[in-house]
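# Please find the sequence and the predicted model below.
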Amino acid sequence: MSAVESADMKPADVLADGRIARRFAALKAEGRAGLVTFITAGDPDPAVSQGLLNGLPAAGADLIELGMPFTDPMADGPAIQASSLRALKAGMTVRRTLEMVRGFRKLDADTPIILMGYFNPIHAYGVEPFLAAAREAGVDGLIVVDLPPEEDEELCIPALKAGVSFIRLTTPTTDEARMPMVMRNTSGFVYYVSIAGITGTASASNTAIDAAVARLKRHTDLPVAVGFGIKTPDQAAEVARVADAAVVGSAIVTRLADGLDASGTVKPGTVEDVLGFVGELAKGVRAAQG
Amino acid sequence: MTKLNTYRSGPDERGHFGIFGGRFVAETLMPLILEVEKAYRDARADPAFEGEMRQQLKQYVGRPNPLYYAERLTERLGGAKVYFKREELNHTGAHKINNCIGQILLARRMGKTRIIAETGAGQHGVATATVCALYDMPCVIYMGETDIARQQPNVFRMKLLGAEVRAVTSGSGTLKDAMNEALRDWVTNVADTFYIIGTAAGPHPYPAMVRDFQSVIGDEVRTQMQELEGRLPDSLVACVGGGSNAIGLFHPFLDEPTVQMVGVEAAGRGIEKGPLDHAASINGGRPGVLHGNRTYLLQDEDGQILEGHSISAGLDYPGIGPEHSWLHDVGRVEYAYATDQEALDAFQLCARTEGIIPALESAHGLAEVIKRAPNLPKEHLMVLCLSGRGDKDIFSVAKHLGVEL
């Protein structure tokens, strides 16, 4: 695959009428930012996880990131590492993750689902079969942490050709010179990782986030979602003030982990509690004034 | 097998050896990886960098170390003439220091003020802690808790040298988990921190850089064998975990068609027992992507990484350097394997016949020498990279032999 070919692609056009674009257009029409929620597929077991996934839109999630568990999540902090291991222990696989999406799509035709994870499980499945299966299941986009633009030929370009968005991470270390390359084959939205670090640890200051979002907006017309370190409804509201969406992951996963007993089984009321927390986050985001 | 004009031109500018290698890292690290690559290129072109490295390798590490004719072992095996490249005589007792000298000089050149590293057996951790003491830089070593338990002497050495040893409890607490944790540290401290990777793996430029720093092994062997025997060796044997001592020995000879090369993987309790019982990525794994590069990996059907097993803490990594994966696929290097038991037997034989206690890692290479040498003519010159000394292993060997210390 040549660099010329990738530069000529217009993924934004290909996917312009997809669920992600439609959802962000609807949010814009409502005059508010969106809430993106992350859960790990299969955590703590496939059945509970499916119930949680199915309940997210009603609780207030505007877009859903569904984590594909991996044994070696190098960019994730302890909360998401532990949730991945719980899911794997419960027998989660890429195939079953796609089944979860299929199950969700029977109930919800509109909420975008973005699979988030690492490349090796997709590599093992086979890139083309994976993309075909993901699209068929109703997956809208992919975030693959260990695929920077330098490796676009691996999955990003094939995904765009298959009609699946490839959402790029930008970070505080992505400098001006690098930004055009990072934006080039991005579609759906741009995910700004607000700290140099791993998930679920430090939080960036509001001023730093404001400046970063303004910088990104100079480089792209795509919506900008901000994540890493957003733990409370207030923090989500602060981010929603300037960004097009706030992403919350580790805080939700931790809430779920807190509702497990010593054997890793969910205590009664846990799913409701997690969805309640998502509701509070949504309330924060919806109340935010840009 | 297709013959190439050269086997020494890799990697390409994107860090690929054939389909292997690459830069599979998070965006946060990518600008830094590019900076390391550029700084390394500039350093190699600077005679002052090369000069300081040579000086330290000579005065501090003690290079060149001997190419030693293992006469009693040769007699005992009754075939090929066996030489040991005595990397175990380096300061800190293994080949790891060659690479650490190079990388810390690069870190200083880049203005970095803090060093991190991962370690399995502890040899790379000790070598890193050593150069950090030498250059007065703070140093954090990530080590799996399982490895900490089986490598206590090295843990204490690192602490004596002023390093902070952080126990890694995630996963199974071995080398791959230590590497994950080091990467998490690096992504959090990109501005001031340099990651000294200990093996010829990871994202580009690390595999090429570590290989270059370790190539001093093969370069010396070439000169020394010329002096001793007036010709090239006929075969080279080295153990392979990530494979830095092996690539350092092999690389200078890759374009010499008469020189055979054998990398020896850890077969643990036996490859036939399945991937949880060995650490042989090439012989018992398949290509995948982990820790920044595409290479042969121990993994399940779903692409989840499996915990390998080896008696040697330095070899039980579920991957291998990408250049080895390529050298395997193009057929230039043969990848054999030795079991825990074969390594233990070789360990004891070496101690009794040569008065050298080898590292358990190196004993895997020696096990292959023991298999091959008897079937070869006496004029066959075989070189084993004796990559490290075995003092660190005496406790675990005693345990396996049922001896109470």
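The structure has been received and is ready for your questions. Residues are numbered from 1 along each chain as shown, chains lettered A, B, ... in the order given.
# Tell me which stretches of the stretch 101-250 of chain B form strands.
Under the criterion DSSP state E, counting those that start in this stretch, strands of the stretch 101-250 of chain B are mapped to B:114-119, B:139-144, B:164-168, B:193-195, B:235-239.
# highest average neighbour count across those?
Greatest average neighbour count among the strands of the stretch 101-250 of chain B goes to strand B:235-239 (a mean of 29), per mean count of other C-beta atoms under 10 Å in any protein chain shown. C-beta coordinates here come from the backbone N, C-alpha and C atoms, glycine included.
# Give me every residue in the stretch 101-250 of chain A lying close to chain B.
Taking C-beta under 8 Å from any C-beta of the partner chain as the criterion, the stretch 101-250 of chain A approaches chain B at residues A:118-125, A:145-151, A:168-175, A:178, A:182, A:193, A:196-198, A:201-202.
# Look up the closest residue to whatever residue of the stretch 151-300 of chain B ends up closest to chain A, ignoring the ones flanking it.
Using C-beta to the nearest C-beta, residue B:188 is the residue of the stretch 151-300 of chain B that sits closest to chain A, at 4.0 Å. Nearest residue to residue B:188, sequence neighbours excluded (C-beta to C-beta, 6 or more residues apart in numbering or on different chains): residue A:197, at 4.0 Å.
# Which stretches in the stretch 301-405 of chain B count as strands?
B:334-339, B:381-385.
# avg pLDDT for the longest one?
Across strand B:334-339, pLDDT averages out at 98.
# Kindly report the same for stretch B:240-249.
Averaging pLDDT along stretch B:240-249 yields 97.
# try stretch A:166-178
Per-residue pLDDT over stretch A:166-178 has a mean of 94.
# So which residues make contact with that stretch?
Outside stretch A:166-178, the residues within contact range by C-beta atoms under 8 Å, 6 or more residues apart in numbering or on different chains are A:11, A:114, A:141-145, A:149, A:155-156, A:159-160, A:179, A:182-183, A:185-196, A:204, A:208, A:212, A:216, B:26-32, B:190.
# Kindly recompute the last result at 7 Å.
Applying C-beta atoms under 7 Å, 6 or more residues apart in numbering or on different chains, the contact partners of stretch A:166-178 are A:114, A:141-143, A:145, A:156, A:159-160, A:182, A:185-193, A:195-196, A:212, A:216, B:26-28, B:31-32, B:190.
# Filter these down to the buried ones, ChimeraX style.
Burial among the contacts of stretch A:166-178 is assessed by 16 or more other C-beta atoms under 10 Å in any protein chain shown; the matching ChimeraX selection reads:
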select /A:114,141,142,143,145,156,159,160,182,185,186,187,188,189,190,191,192,193,195,196,212,216 /B:26,27,28,31,32,190
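# Looking at the contacts of stretch A:166-178, which are in helices?
A:156, A:159-160, A:182, A:212, A:216, B:31-32 (DSSP state H).
# ok, back up a step: look at the residue of the stretch 151-300 of chain B closest to chain A and say how many residues are nearby.
Using other C-beta atoms under 10 Å in any protein chain shown, residue B:188 has 17 neighbouring residues.
# Just give the closest residue to residue B:248, not the sequence neighbours.
Spatially, and ignoring its direct neighbours in sequence, residue B:248 is nearest to residue B:214 (2.7 Å; C-beta to C-beta, 6+ apart).
# count of neighbours near the one you found?
29.
# As TSV, the strands of the stretch 101-250 of chain B with distance to residue B:43 would be great.
Listed next are those as TSV, based on distance: least, C-beta to C-beta, whole Å:
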stretch	distance to residue B:43
strand B:114-119	17
strand B:139-144	21
strand B:164-168	27
strand B:193-195	13
strand B:235-239	26
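# These: which one's closest to residue A:284?
Closest approach to residue A:284 among the strands of the stretch 101-250 of chain B (C-beta to C-beta): strand B:193-195, 34.6 Å.
# contacting residues around that closest one?
Contacts for strand B:193-195 (C-beta under 7 Å, 6+ apart): B:107, B:110, B:112, B:114-117, B:182, B:186.
# who in the stretch 301-405 of chain B is up against chain A?
Neighbours of chain A within the stretch 301-405 of chain B, by C-beta under 7 Å from any C-beta of the partner chain: B:302-305.
# Show me which residues of chain B sit near chain A.
B:14, B:22-28, B:30-32, B:170-171, B:176, B:180, B:183-184, B:187-188, B:190, B:288-290, B:299, B:302-305.
# Show me where the stretch 1-150 of chain B has its helices.
For the stretch 1-150 of chain B, applying DSSP state H, counting those that start in this stretch gives helices covering B:30-44, B:47-56, B:71-77, B:96-109, B:123-134, B:145-150.
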